[in-house]
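Asker: This is a predicted model, with the sequence first.
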Amino acid sequence: SHCSIMHRKPQSNRLPELYSIHRGVITAIMEYGAFVELPGYDKHGLIHISHISDNRVGDVREVLIERGIVWVKVISLGEKDDPKISLSMKTINQTTGKDSDPTHIELSESARKKKKFDDWNKPPIELDAVLNVVCTKCETKGHLAKDCFTSALDLGKKYALVAFDDDDAPAAAAPVKEKSHKHKHKH
C-alpha cells in the first residue's frame, strides 16, 4: 500500500487533455452539478448543471446518482495557477461514449452565449479619456473632429443647451380650457 501512494503522487499534478472523453464515476452530487472521478487522475472534475443535458435540469439528483458511471468530455481546465476540470455530458452518447460534437461547435456556441451573459455583469466602460479631448473642427470638448456632427453650414453658429425650470417649461399638463374656465368663474 505504501508503493501505491508513491505511484499516485506524480499523477496528482497531471490533468486530462482538453476535449478528451472519459468514462468516470460520480463521487458527489451538489445543487449546481456533480463531481466525477476520472480514471488515472487524482483531481476530480465538475459537470455543471447546465452541462448535464440539452434539456433544462432542475434537480441534479433526478438525473444522476452517486457512484453512477457517466461519459464526459473535458471542456475546460481552468487557469494555470488554479486548475479546475470542467466536464460536459451534453454531446456525449451515454451508451457508447461517442462525441456528437467532435469539432466543439456546440461547446463554443454555448460559451459565446455565456460570455454575452457575463458581459452584462461587468461594470460599464469609462470614457474619461475620450471626454477630455477638444474637437478641432467645432472647438467643443468631448469628441474628436472625425466624430464631429457639426456640418460646414453650422460652423458659424454656436448653440448652447438651455435648461428649463418647471416654471419656464411649456405648460402641457394644464389644459388651456381649464384656465379660461376658471377665469369665467371669477366674473
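Answerer: Looks like it came in fine. Numbering: from 1, shown residues only.

Asker: looking at this, residue 96 is in a helix?
Answerer: No - using DSSP: H, G, I helix; E, B strand; the rest coil, the assignment for residue 96 is coil, not a helix.

Asker: burial count for the residue nearest to it when sequence neighbours are not counted?
Answerer: Counting by C-beta to C-beta, 6 or more residues apart in numbering, residue 71 is the residue found nearest to residue 96 once chain neighbours are left out, at 8.0 Å. All C-beta atoms are positioned from the backbone trio N, CA, C, and that covers glycine. Residue neighbour count, defined by other C-beta atoms under 10 Å, stands at 19 for residue 71.

Asker: for residue 134, same thing?
Answerer: Neighbour number of residue 134 under other C-beta under 10 Å is 13.

Asker: I'd like to check which residues are in contact with it.
Answerer: 140, 141 (C-beta atoms under 8 Å, 6 or more residues apart in numbering).

Asker: After the lowest-mean-pLDDT helix or strand in the chain, which helix or strand is next?
Answerer: Least confident helix or strand, the chain: helix 2-8 with a mean of 43, by mean pLDDT, DSSP states H and E. On the C-terminal side of helix 2-8, the closest following helix or strand by DSSP states H and E is strand 21-30.
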